[in-house]
Every structure is written in C-alpha cells, then in structure tokens.
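[1] take this sequence and fold it.
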Amino acid sequence: MDDAQTTNKKEKKLMILISVVLVLIIAVIIVFFVLSNQENNIDDNDKVITYADEFYNISPDDAYQLMNLSEKIEVIDVRGLEGCSHCQFNNGHLPGAELNQNPESFYMEEGDYENATDFLVYSKDGSVGAEFCLELVDYVYGSIYNLEGGWEAWAAKGYPMG
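    I've put the predicted structure just below:
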C-alpha cells in the first residue's frame, strides 16, 4: 500500500469518527430539550404535591426578618410541652404566636396546598421545638422553621413580645 492510500483510509476513519460524535451530541441535545419541554408543559393540576420533607433551624435575627417579610407564616409556641403552657405563654410570647402541643392538628388534605403556610416553631430553648418540627413535617405543606435557642434567645435579643 502506498502512502496516499494509507492517508485516505485514515481520513475516512477520522470522518466516520467525527460523524458518530456529532450524531451523539445531537441526540443528547434533542433528549435534553424534550425532557425540559415536558417539565414546562405540566400544569398546576398535574403537579405532585408533597408534604414538607425537612425543617430549618434559624436564628432569632432571621426569624424576626421572616415574620416581618412573610405574608403566610404561622408562629407556634410549643413551650407547653415543657411545663405550664398558659403560664409561660401569658408571661410573653412571640407576636402572633398560637399555643399548640399537637402537630397532627395541622394535618392538611391534598387540596390544601394552595393555602400552604410557613411555620415558625419555638420552645423554651429550641430543643423541644426541633422535636415538634420533626413531627410537623408529616402534616403540612410549606416551610418549617425552628427558632434556634427558642424563647430564651428571642427574649435575650430584645425582640418584640406579645
């Protein structure tokens, strides 16, 4: 075989390789666009709604901002799980707080997700609030926040009380 034939065969192999790579790239691009287009075509009635799957610990500073910025936030005082609930609540609580000791009371039916609410939970020092948040995860849509340091941290910062 002469050099011209060898070079010609190498060029053909290179062209075939380049063609295969281009076809694969085009196929990947097409699959990507088809999948992303399917996600964009899902309307609100087809969306899968799930309960919250976790909660977030936030500082008193972040909780204060959240309470001032969020239109749909429910503040839950769970200090009653640590002792006399009404005694503690009557001696001061976060503005707009409700006293609650039962996460199941927040159970929402599947159609309730349009009214999803964010929840800010606090206890005396934040530990019982975290336990309550773990249970609340199974009953609500929306975001769930536990006030780190609880009522004691809020009061130490001098934030408003109800």
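
[2] helix or strand with the lowest mean pLDDT in the chain?
    Lowest by mean pLDDT, DSSP states H and E among the helices and strands of the chain is helix 85-90, with a mean of 73.

[3] counting contacts, what elements does the next helix or strand after that one pack onto?
    As assigned by DSSP states H and E, the chain's next helix or strand after helix 85-90 is strand 98-99. On a contact count with 3 or more Cβ pairs under 8 Å, 6 or more residues apart in numbering; DSSP states H and E, strand 98-99 meets strand 73-77, helix 85-90. C-beta coordinates here come from the backbone N, C-alpha and C atoms, glycine included.

[4] among these, which is the most enclosed?
    Among the helices and strands packed on strand 98-99, strand 73-77 has the highest mean neighbour count (mean count of other Cβ atoms under 10 Å), at a mean of 21.

[5] now the residue nearest the centre of the chain: closest residue in space that isn't a chain neighbour?
    Centroid-nearest residue in the chain: S143, 5.7 Å away (criterion: Cα atoms, centre = their mean). Counting by Cβ to Cβ, 6 or more residues apart in numbering, S143 lies nearest to D118, which is 4.5 Å off, once chain neighbours are set aside.

[6] isn't the one you found right up against S70?
    Yes: assessed by Cβ atoms under 8 Å, D118 is found in contact with S70 at 5.6 Å.

[7] compare the two (neighbour count), which wins?
    Set D118 next to S70 and count neighbours by other Cβ atoms under 10 Å: D118 wins out with 19 against 15.

[8] could you check how far the more buried one is from L14?
    For D118, the distance to L14 equals 59 Å [Cβ to Cβ, to the nearest Å].

[9] again, but for F132
    66 Å.

[10] one more: G129?
    Relative to L14, G129 is positioned 66 Å away (Cβ to Cβ).

[11] so for those two, which residue has more residues nearby?
    Set side by side, G129 and L14 show more neighbours around G129, with 30 against 10, by other Cβ under 10 Å.

[12] against L17, how distant is that one?
    From G129 over to L17 the distance is 62 Å, taken as Cβ to Cβ.

[13] and for the closest residue to M161 other than its chain neighbours, the neighbour number?
    Closest residue in space to M161, ignoring its immediate chain neighbours: G92 at 4.3 Å, by Cβ to Cβ, 6+ apart. By other Cβ under 10 Å, 14 other residues sit near G92.

[14] G92 is in contact with G162, isn't it?
    Yes: with contact defined as Cβ under 8 Å, G92 counts as touching G162 (7.3 Å).
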